[in-house]
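Colleague: need a structure here:
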Amino acid sequence: MSEKIEWVANKMPGSDDANLSVMSLENVSKAQAFHRGFPQYAVTPLARLDGMAARLGLGGLFVKDESYRFGLNAFKVLGGSFAMARYIAEETGKDVSEMTYDYLTSDQFRSDFGQATFFTATDGNHGRGVAWAANKLHQKAVVHMPKGSTQTRFDNIAKEGAKVTIEDVNYDDCVRMAAAEAAETEHGVVVQDTAWDGYEKIPSWIMQGYGTMAAEAAEQLRALEVTRPTHVFVQAGVGSLASAMVGYFANLFPTCPPKFVIMEASAADCLYQGAKAADGAPRIVGGDLQTIMAGLACGEPNTIGWDILRNHATAFASCPDWVSAKGMRMLAAPVKGDPAVTSGESGAVGMGVISSIMSEPAYADFREALGLGRDSQVLMFSTEGDTDPDRYREIVWGGGYAE
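Modeller: Reported below is the predicted structural model:
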């Protein structure tokens, strides 16, 4: 067997937890109301893998399938679109509840607000979401992609009318580039899901937008008579998605939160490194950050997200590429009777981790630390479909990146 999944229990000292309120139920409810106003809105499926759960020795296994989100094959648009709405509301002195789709696409809106240019850095899904939302709202978008980005993902963003470039630097340097250009552009705005000192408002709004996915999942679980997931597995790049899911469920179940497992690509495991150091301070991972999990190839944590995770995450896992590839194949060819899920490289790492923990003796200590077993109701998020179809087929059909 190749590289192992590395994991560490969260033993970091807590902070005053001031950022948990970012993901309050009220804030997430506003985001949900905004998204429901889009004509393209539909609740994405929650795949119930009863056969897989029984095979792995779990009580239940549920996969939120974001390949259906707004026809964009990934969840990211939830964050970018809501952040734009919050930004526009603030600029025009209105409440976000007034930012309806009809208003934002109207002539009245154009005379009230005019046009801004939204800058962002992306591996693909976030940039496509920002470009799509900007296009729908008659705004401009400029998108920078890191070295190694695929032509398919580039083309998908360009199709939405954005100005797109692939730069010869990593993701974190693309973020800095987007921020510098926005600062020099009239009505230029950075829409990035990573926070740093002095840039906290928009990332917090993006996280609230992601909350729509968590709130839908909670409602879908209740409809299946699962009152509360016992375990939530969520992947992380900068940690915005992970902390949004953790923050929402921690607020939803304040007295009995689920156990939260945060999973990263081992090439970009900044959160895991911070948890391993256990002093509460974030860590940065540099270099090219090469991994098939392009959406997780981020080496600098979102400071808001880090604060939520250090207070509420149960464990952190650093995952080699084979983990995601294994998850992709298992979701594509599930146990007979279970629905198949088309899950891309950044979407399937949860399935790879959960199956490894439950079936391989090497991870028995991880399984025991999490208390996973026949009574566990496990939720994971497949955050993208086959956003890079050639790579998807190479892995699922061709057996690429096996252990």
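Colleague: How about the secondary structure of V378?
Modeller: strand (DSSP: H, G, I helix; E, B strand; the rest coil).
Colleague: can you tell me which residues contact it?
Modeller: Neighbour list for V378: 53, 58, 60-62, 229-233, 354, 372 [criterion: Cβ atoms under 8 Å, 6 or more residues apart in numbering]. (C-beta placed from N, C-alpha, C; glycine too.)
Colleague: Report the rounded mean pLDDT for the helix ranked longest in the chain.
Modeller: Using DSSP state H to define each element, the chain has its longest helix at helix 201-223. Mean pLDDT, helix 201-223: 98.
Colleague: got the buried residues for that helix?
Modeller: 202-218, 220-221 (16 or more other Cβ atoms under 10 Å).
Colleague: give me the element the residue positioned nearest the centre of the chain is part of.
Modeller: Geometric centre of the chain, nearest residue: L241, 3.7 Å, by Cα atoms, centre = their mean. Using DSSP states H and E, L241 sits in helix 240-252.
Colleague: one step back: which residue comes closest to the residue nearest to the centre of the chain once chain neighbours are left out?
Modeller: Distances taken as Cβ to Cβ, 6 or more residues apart in numbering put Y210 closest to L241, at 5.5 Å, once the chain neighbours are dropped.
Colleague: Mind telling me the two of the contacts of V378 farthest from one another?
Modeller: A53 and V232 (15.1 Å; Cβ to Cβ).
Colleague: more neighbours, these two?
Modeller: V232 (28 against 22; other Cβ atoms under 10 Å).
Colleague: Spatially, which residue comes closest to Q32, not counting chain neighbours?
Modeller: Nearest non-adjacent residue to Q32 (Cβ to Cβ, 6+ apart): T212, at 4.9 Å.
Colleague: A364 and Y68, how far apart?
Modeller: With distances taken as Cβ to Cβ, to the nearest Å, A364 is found 36 Å from Y68.
Colleague: For burial, what's the neighbour tally of D386?
Modeller: 21.
Colleague: And what about it, helix, strand or coil?
Modeller: coil.
Colleague: these two touch, right, it and N125?
Modeller: No. Contact criterion Cβ atoms under 8 Å: D386 and N125 do not qualify, at 11.9 Å.
Colleague: Overlap in contacts, these two.
Modeller: N73.
Colleague: Does V142 belong to a helix, a strand or coil?
Modeller: The local conformation at V142, judged by three-state DSSP, is strand.
Colleague: same check, this time on W306
Modeller: When the rule is three-state DSSP, W306 gets the label helix.
Colleague: where along the stretch 1-150 of the chain do the strands fall?
Modeller: For the stretch 1-150 of the chain, applying DSSP state E, counting those that start in this stretch gives strands covering 6-9, 46-48, 60-65, 117-121, 140-145.
Colleague: Let me know which of those strands is the nearest to R283.
Modeller: Once the strands of the stretch 1-150 of the chain are compared by Cβ to Cβ, strand 6-9 is nearest, at 12.2 Å.
Colleague: who does that closest one pair up with?
Modeller: strand 315-319 (antiparallel) (DSSP bridges).
Colleague: pLDDT (mean, whole number) over the helix or strand just after the strand it pairs with?
Modeller: Beyond strand 315-319 on the C-terminal side, the first helix or strand identified by DSSP H and E is helix 321-332. When pLDDT is averaged over helix 321-332, the result is 98.
Colleague: thinking again about what came up before, which other helices and strands contact the longest helix of the chain?
Modeller: helix 25-36, strand 46-48, strand 60-65, helix 77-92, helix 240-252, helix 303-312, strand 377-382 (3 or more Cβ pairs under 8 Å, 6 or more residues apart in numbering; DSSP states H and E).
Colleague: Redo those as a markdown table? Include distance to A131 and mean pLDDT.
Modeller: Below are those laid out as a markdown table (distance: least, Cβ to Cβ, whole Å; pLDDT from 0 to 100):
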| stretch | distance to A131 | mean pLDDT |
| --- | --- | --- |
| helix 25-36 | 17 | 98 |
| strand 46-48 | 28 | 98 |
| strand 60-65 | 23 | 98 |
| helix 77-92 | 9 | 96 |
| helix 240-252 | 18 | 98 |
| helix 303-312 | 23 | 98 |
| strand 377-382 | 22 | 98 |
